[in-house]
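Asker: compute the structure for the input listed below.
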Amino acid sequence: AALRSLWLATPRLGGARDAEALLSLLHGMGAPLAELVIASSDLSVAVEAVATSLRPGGALGSLRRLSLSSARIGDQGAAVLCGSLRSLPSLEALDLANNGIGPEGAAHVAQLLAAVQPAAAFAAAAAEEA
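Answerer: Numbers count the residues shown, from 1 in each chain. Take a look at the predicted model:
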């Protein structure tokens, strides 16, 4: 059986290098991870590495659930993440609670929701018709 979910509560990631090492390890696991939770950690300096791993072919390219609650990503991190999440069709759940996301970051989240909701609605309608 392969690991499908990974929950890390309050990991001490020392910066982008630690995050990149973790993501490289996840990429080398063989089986794709379906769920990743990194809670109560400062990912503000590592958000670029996380975003890159969310792209197709990346370590998290087939993720279904992502929770980065209390990760201090702020508006800039929300913008970077949402840009990558648009190309992640498998994503079903996203938790960005308690990240200091203001109006600017919320606008990026809203754009992401607008982009993925029609696709999700289409897939649900197609499944009902089948």
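Asker: pLDDT below threshold where in the protein?
Answerer: Low-confidence segments of the chain, defined by pLDDT under 70, span residues 1, 14-15, 30, 117-130.
Asker: now the helices for it?
Answerer: Residue ranges of the helices in the chain, as given by DSSP state H, are 16-27, 47-53, 74-85, 103-129.
Asker: just the CA trace of the second one, in CSV.
Answerer: Coordinates of each C-alpha in helix 47-53 appear next as CSV, following Å, rounded to 0.1, in the frame of the first residue of the first chain:
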residue,chain,number,x,y,z
VAL,A,47,5.6,29.2,-1.2
GLU,A,48,7.3,29.3,-4.7
ALA,A,49,8.6,25.8,-4.2
VAL,A,50,5.2,24.5,-3.1
ALA,A,51,3.6,26.3,-6.1
THR,A,52,6.1,24.8,-8.5
SER,A,53,5.4,21.3,-7.2
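Asker: starting at the chain centroid, how far to that helix?
Answerer: Shown here is helix 47-53, whose average C-alpha point lies 9 Å from the average C-alpha point of the whole chain (CA atoms, centre = their mean, to the nearest Å).
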